[in-house]
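In: Make a model of this:
(3 chains)
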Amino acid sequence: MNRSSVGAVPNPDALLREMMLHYELQRFNNLYCQILDDGALSAWPDLFSDDCVYCINARENEDGGLPAGLVYCEGRGMLEDRAFAISRVAMYAPRTVRHYVTNQRVTEVVEGGGFRASANYLLMEILDDEPKATIHHTGVYRDRFIRDPSGALRLRERRCIYDSLIIPNSLVYPV
Amino acid sequence: MNRSSVGAVPNPDALLREMMLHYELQRFNNLYCQILDDGALSAWPDLFSDDCVYCINARENEDGGLPAGLVYCEGRGMLEDRAFAISRVAMYAPRTVRHYVTNQRVTEVVEGGGFRASANYLLMEILDDEPKATIHHTGVYRDRFIRDPSGALRLRERRCIYDSLIIPNSLVYPV
Amino acid sequence: MNRSSVGAVPNPDALLREMMLHYELQRFNNLYCQILDDGALSAWPDLFSDDCVYCINARENEDGGLPAGLVYCEGRGMLEDRAFAISRVAMYAPRTVRHYVTNQRVTEVVEGGGFRASANYLLMEILDDEPKATIHHTGVYRDRFIRDPSGALRLRERRCIYDSLIIPNSLVYPV
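Out: Sure, this is the predicted structure:
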């Protein structure tokens, strides 16, 4: 990063276009998290493209060039299977999750359509029989968005990179 | 939710109007939290309409159709009484609170004026004699905003829905 | 704060200008945190003006008119020395930090250029040999931004005001 590019001001028209894209990113992430926080898992795969990649990986592995990770799904069909399985099998303690997504940024507008983006997320977990919310884990979304024929955003790729070496066993729900 | 509506792109003018409303929501919530985080309780009722409802309720009760909850105030007068009482009676340990509000969204523009909105909040608490900040609780604001004659936003209703079954006894300040 | 000014609506053009400034603030803070979260310390001083002030201070001290605090740096040179020293001396346990910045607001547009702003931040810490993320501390940024000749934002002053009386010894990285 060179100093002159830090926070450089585009002209007002370019700034406005950038703002609108940033707003679309925020709106998408809000919807994504609302679906998961409400436990509406069957709607979750709809946020991805047919040929998507979704994975959850440790930062250490990611930085070391080991992209497969704890969870690795290719194609929306795999996400639908996963969502269906989680909805029907309840072998884990009842809980609520809540996502806090901040520091959202479009990192690259891709020629030919779509963009790359990232965001910090904090996942909180509230067990039904525990009095207090606890931190489940912290991490970063690294995303590749495309548009479907109607212009709506879809995740072509979402990599959830968690900061800790390990992650609680209770990682059942998507992140 | 059907797939085609997920993240659909309105035309630029509609997107810009939506952004402006979203920005007004953010600005309002920033001010709301700043007032509470600064302990400026006497300014808090001014954020509500005269005929407001303010309540704090458990998610389980809310989902089960029990809307009354832990705190239930009708009318700005009740909020003023509450703010005054808290300011004058100090039976609890000195503390600081800090709000983190994310995932803000306008959920419905209401015909005839105003809108519905929601947001995730994380309330942190810092006791004066404890070294570390702790999580007080997590939850969601479910709001109904109206505009006063000058066009300024006021809360007609704010429902603070907390995720846990119980909430720390120390819930003294408004959320 | 008087009631009539709470959330007052400027005309659409003024609201749009305000939004654009708010977006620039968000973009700057996103970049600032990304640099620190990625451990790219050498890029951190570039976010400040040559004659900057950077400090970390307890809320109690700040409110009591004791501005010097735990860390006090004058001039970008001091920040560069600090960043260099931290990069080279590793006497502390390996860790990751993650910033969550919310409730960002431009508090005053300063005549002659730049503006004042504030934001709530939550600093999380993830030690390499601990399974879970922990709360490092909570606080507020109180900022004075200026523009360099190219129009890019620079921090003329960033005061990191933490809420607790003390702060973990492990405060090594900038906040």
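
In: And for the residue most central in space within chain A, nearest residue in space, chain neighbours not counted?
Out: In chain A, the residue lying closest to the centroid (CA atoms, centre = their mean) is residue A:141, at 4.8 Å. Distances taken as CB to CB, 6 or more residues apart in numbering or on different chains place residue A:119 nearest to residue A:141, at 4.8 Å, with adjacent residues excluded. All C-beta spots, glycine's among them, are computed from the backbone N, C-alpha and C.

In: coming back round to it: so the residue nearest to the centre of chain A, which of the three states?
Out: On the three-state scheme (DSSP: H, G, I helix; E, B strand; the rest coil), residue A:141 is labelled strand.

In: For chain B, see how far away it is.
Out: 13 Å (CB to the nearest CB, to the nearest Å).

In: burial measure for residue A:43, as a count.
Out: If you count neighbours by other CB atoms under 10 Å in any protein chain shown, residue A:43 ends up with 18.

In: quick one, phi/psi of it?
Out: Phi and psi for residue A:43, reported as degrees, to the nearest 10, are phi -90, psi -10.

In: Quick check: it touching residue A:37?
Out: No - if you go by CB atoms under 8 Å, residue A:43 and residue A:37 don't touch, sitting 11.9 Å apart.

In: The helix or strand where residue A:27 lies: what's the following helix or strand?
Out: Secondary structure from DSSP states H and E places residue A:27 in helix A:12-37. Next helix or strand after helix A:12-37 toward the C-terminus (DSSP H and E): strand A:48-58.

In: Point out the other elements, helices or strands, that that following strand touches.
Out: strand A:71-74, helix A:76-88, strand A:153-162 (3 or more CB pairs under 8 Å, 6 or more residues apart in numbering or on different chains; DSSP states H and E).

In: highest average neighbour count across the ones you listed?
Out: strand A:153-162 (a mean of 22; mean count of other CB atoms under 10 Å in any protein chain shown).

In: Are it and chain C in contact anywhere?
Out: No - judged by CB under 8 Å from any CB of the partner chain, strand A:153-162 and chain C are separated, with a smallest distance of 8.8 Å.

In: Touching that strand from outside, list them.
Out: The contact list for strand A:153-162, computed with CB atoms under 8 Å, 6 or more residues apart in numbering or on different chains, reads A:24-25, A:28, A:47-49, A:51-59, A:62, A:67, A:114, A:121, A:137-148, A:175, B:6-7, B:9.

In: May I see the PyMOL selection of the buried members of those residues?
Out: Buried residues within these, by 16 or more other CB atoms under 10 Å in any protein chain shown, are selected in PyMOL with:
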select buried, (chain A and resi 24+25+28+47+48+49+52+53+54+55+56+57+58+59+62+114+121+137+138+139+140+141+142+143+144+145+146+147+148+175) or (chain B and resi 6+7+9)
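
In: coming back round to it: now tabulate the helices and strands packed on strand A:48-58 in TSV and tack on mean pLDDT.
Out: Putting the helices and strands packed on strand A:48-58 into TSV (pLDDT from 0 to 100) gives the following:
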stretch	mean pLDDT
strand A:71-74	93
helix A:76-88	91
strand A:153-162	97
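
In: Including distance to residue A:18, could these go into TSV?
Out: Supplementary listing: the helices and strands packed on strand A:48-58 in TSV, determined by distance: least, CB to CB, whole Å:
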stretch	distance to residue A:18
strand A:71-74	31
helix A:76-88	29
strand A:153-162	16
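
In: Buried residues, stretch A:116-136. List them.
Out: Buried, per 16+ other CB under 10 Å, within stretch A:116-136: A:116-127, A:133, A:135-136.

In: Quick check: mean pLDDT of that stretch?
Out: Mean per-residue pLDDT for stretch A:116-136: 92.

In: end-to-end on it?
Out: The separation between the terminal residues of stretch A:116-136, taken as CA to CA, to the nearest Å, is 26 Å.

In: Run the chain-centre distance for that stretch.
Out: 13 Å (CA atoms, centre = their mean, to the nearest Å).

In: any weak-confidence spans in chain A?
Out: Within chain A, the stretches with pLDDT under 70 are A:1-10, A:90-92, A:168-171.

In: rerun that using 50 as the cut-off
Out: A:1-5 (pLDDT under 50).

In: wait, isn't residue A:36 in contact with residue A:125?
Out: No - look at residue A:36 against residue A:125 with CB under 8 Å: they stay out of range, at 11.9 Å.

In: Need the overlap of contacts for those two.
Out: Common neighbours of residue A:36 and residue A:125 (CB under 8 Å, 6+ apart) are residue A:97.

In: Give the bridge partners for the residue nearest to the centre of chain A, please.
Out: Beta-bridge pairing for residue A:141 (DSSP bridges): residue A:119, residue A:160.

In: cool, and residue A:124?
Out: Residues in beta-bridge contact with residue A:124 (DSSP bridges): residue A:98, residue A:135.

In: separation between it and residue A:97?
Out: According to CB to CB, to the nearest Å, residue A:124 stands 7 Å off from residue A:97.

In: what residues are shared contacts of the two?
Out: Counting by CB under 8 Å, 6+ apart, the residues touching both residue A:124 and residue A:97 are residue A:136.

In: Before I go, just wanted to say thanks for your time.
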